[in-house]
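In: Have a look at this prediction, sequence included:
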Amino acid sequence: MQFVPERLVLLRKSLGINKAEAARRLNMSAMGYGRYENGDREPSYQTVSFIAQNFHSSVDYLYGMSDEKDSSILTISKNDEPELFLLIESARRDSDLLNRLLVYADISND
């Protein structure tokens, strides 16, 4: 697998942010981030995973293995969203609760 820098540029632009903001969101230097976008440096798999998670995309998209930009995985942090985390954990354990929530939200379980 080889990282596709052009995908990172497209992803950043789709978020409507500049390079400095992208670097800030990833907690890295603007210069380091710029090297990834320019293809001067190949990020580690862990870094690509971190970028994908923070930019709501997928590792496969950033490696050019998929054209689907949006992630099929949603990560909910217990620290950042404690109420939502608790609700999802409760629904995972209780199928009746899950079904009631789906009916309430008008989402089919298909």
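Out: Perfect, I can see it now. Here the structure is a predicted model, which is why all the values come from computation and not from measurement.

In: Tell me the confidence at residue 70?
Out: Looking at residue 70, its pLDDT reads 81.

In: so it touches residue 56, yeah?
Out: Yes: the pair residue 70 / residue 56 is scored as a contact, 6.8 Å apart, by CB atoms under 8 Å. In short, each C-beta sits where N, CA and C put it, glycine included.

In: Which one's more surrounded, these two?
Out: residue 56 (15 against 9; other CB atoms under 10 Å).

In: ok, the more buried one touching residue 73?
Out: No: Residue 56 is beyond contact range of residue 73, at 9.7 Å (criterion: CB under 8 Å).

In: Quick one: residues in contact with stretch 23-42.
Out: 2-3, 5, 8-9, 12, 17, 19-20, 22, 43, 47, 50-51, 54-55 (CB atoms under 8 Å, 6 or more residues apart in numbering).

In: Nearest to residue 83 among those residues?
Out: Nearest to residue 83, judged by CB to CB, of the contacts of stretch 23-42 is residue 54 at 21.8 Å.
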